[in-house]
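Fold the following.
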Amino acid sequence: MTYENLDKLKEEIEAELREKKFAVFYGLGRSEIDRDMSINWDTEAHPDFREFLNVAEGAGIKIVVVHYKILTQGHIAELMDQLDDLDLERDERRNMSRDLQRLKMYEGFISSVDLSFDTQGQSYMFSVSTNWFKNLLEIAGQSNHNSCTAQLVLAADQFLIRPGTRTADAARLAAAGGEPHTVIAGYHWFTDWGRDTMISLEGLTLVTGRHREAGNLIRTFASYIRDGLIPNLFPEGEHGGLYHTADATMWFFHAVWRYAKRTNDRETVRALIPKL
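This next block holds a predicted model:
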C-alpha cells in the first residue's frame, strides 16, 4: 500500500495506540533480513492499520513497536554525489538528477511507517510507504548497485537527532547561528555520548553527504568543552554532561580534521581554534 502523505496517518496511529492503551516502543526500522523473517500484513487487501492493531489486541499484545522514517536533505545529497561516479549515458544521468531534484519537495516528510509486534517467537509487521519514497529507493538501488548500501545510507538518519531536553543550550546555540545536533549512541538505552559521536561522525554524516549536520554536531559539542574535555555522555533527562573520558577529546580533534578536509569549511574551523 502506498501513500503521498503519511503525516496524517501518523496522527491517526498515535491516537489509536493511546485509545487501545498499548505501550509504544519507538524502535529502529526493521532490516531487510528482519522483514523477510516477519509475517507481513497484506496492506493491499487490508490497508486499515486498525485491523492490524485489533489483531494485536486480540492476541493479548501489550507493546507495539513503531518506526517512522523521515526524508532528509542528506538522503538526496548523498545520491546526487553518487551520480558522478556512475557510468551513465548523459540522458539517463540527467533524468535521474531531475527525479532527485523533484524529491526535494518532500524533505522533512514521513516516507514510511512500520508497526510490529512479537508473539510466540514470531514477528508480525504492518508497513506502508509513500510512492515518492519507493521512487527514491529505486534510484538508490541504481546508484549503489547494492540495496543493502542504500538502506544503510537511509538508516544513518535514525541516529542523528536534536537534543530535546537541553532547551536552554539549544537556544544559546541557535542564537549564535547554530542548530543543535547530536548522535544517539545506541537504541534503546543509550543517550548521546561524546566519544561515540566523534567516532561515528565521519560515517554517519561526511561520507553520506550530510555536511550541514556534521558541522552542527561539531559546533554543538564545542559549546560544551570544559577544561579541555568534551562530555562523555549526557545522562537521560539531565542538563549537564559527565566529563570522565580523555580520548573523546582526541576523537573530537580527529572529527574536526576530517570535517575540514571533506568540506573546506574554514569559517567553522577558525571559530573552533580558541577552544582547540
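
so where's this structure uncertain?
Scanning the chain for pLDDT under 70 picks out 1-4, 28-37, 82-88, 134-151, 153-154, 163-178, 180, 188-189, 235-240.

need the strands for the stretch 101-250 of the chain, in chain order.
Counting by DSSP state E, counting those that start in this stretch, the stretch 101-250 of the chain has strands at residues 110-119, 122-130, 160-161, 182-183.

hey, which of these is tucked in deepest?
strand 182-183 (a mean of 24; mean count of other Cβ atoms under 10 Å). Just so you know, the C-beta spots here come from the backbone N, C-alpha and C atoms, and that holds for glycine as well.

In terms of secondary structure, what does it contact?
strand 160-161, helix 194-201, helix 211-222 (3 or more Cβ pairs under 8 Å, 6 or more residues apart in numbering; DSSP states H and E).

With only the CA atoms kept, save stretch 113-126 in CSV.
The C-alpha atoms that make up stretch 113-126 are tabulated as CSV, following Å, rounded to 0.1, in the frame of the first residue of the first chain:
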residue,chain,number,x,y,z
VAL,A,113,5.6,3.8,8.7
ASP,A,114,6.2,0.4,10.3
LEU,A,115,4.1,-1.2,13.1
SER,A,116,5.1,-4.5,14.5
PHE,A,117,4.7,-6.9,17.5
ASP,A,118,6.2,-10.2,18.5
THR,A,119,4.4,-13.2,19.9
GLN,A,120,5.3,-16.8,20.4
GLY,A,121,8.7,-16.3,18.7
GLN,A,122,7.3,-14.7,15.5
SER,A,123,7.2,-11.1,14.3
TYR,A,124,4.2,-9.5,12.7
MET,A,125,4.5,-6.3,10.7
PHE,A,126,2.3,-3.7,9.1
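
Tell me which helix or strand comes right after the strand or helix carrying residue 258.
Per DSSP states H and E, residue 258 falls inside helix 247-263. Using DSSP H and E, the helix or strand that follows helix 247-263 in sequence is helix 266-272.

who touches that next one?
Applying Cβ atoms under 8 Å, 6 or more residues apart in numbering, the contact partners of helix 266-272 are 215, 218-219, 222, 256, 259-260.

Just the buried residues of these.
With burial judged by 16 or more other Cβ atoms under 10 Å, the buried subset of these is 215, 218-219, 222, 256, 259.

Is residue 161 bridged to anything, and to what?
For residue 161, the beta-bridge partners are residue 182 (DSSP bridges).

still on that earlier bit, as CSV, the helices and strands packed on strand 182-183 with distance to residue 95 would be great.
What follows is the helices and strands packed on strand 182-183, written out as CSV (distance: least, Cβ to Cβ, whole Å):
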stretch, distance to residue 95
strand 160-161, 30
helix 194-201, 34
helix 211-222, 26
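
So what's the residue count around the residue nearest to residue 23 when sequence neighbours are not counted?
Ranked by Cβ to Cβ, 6 or more residues apart in numbering and with sequence neighbours excluded, the top spatial neighbour of residue 23 is residue 63, at 4.3 Å. Close neighbours of residue 63, defined as other Cβ atoms under 10 Å, add up to 11.

what do you get for residue 48?
Neighbourhood size, residue 48 [other Cβ under 10 Å]: 12.

Same check on residue 203?
So residue 203, with other Cβ under 10 Å, has 11 neighbours.

Now residue 81: closest residue in space that isn't a chain neighbour?
Nearest one to residue 81, counting by Cβ to Cβ, 6+ apart, is residue 209 at 5.2 Å.

Roughly how far does that neighbour sit from residue 74?
Note on residue 209: its distance to residue 74, by Cβ to Cβ, to the nearest Å, is 6 Å.

Check residue 124 too.
31 Å.

And for residue 200?
Residue 200 is 14 Å from residue 74, by Cβ to Cβ.

So for these two, which sits in the more crowded spot?
Under the criterion of other Cβ under 10 Å, the comparison of residue 200 against residue 74 puts residue 74 first, with 23 against 19.

OK, contacts around residue 252?
The neighbours of residue 252, taking Cβ under 8 Å, 6+ apart as the test, are 194, 198, 218, 221-222, 230.

with those residues in mind, which one is nearest to residue 11?
residue 221 (34.1 Å; Cβ to Cβ).

That closest one contacts residue 230, correct?
Yes. Using Cβ atoms under 8 Å, residue 221 makes contact with residue 230 at a distance of 5.0 Å.
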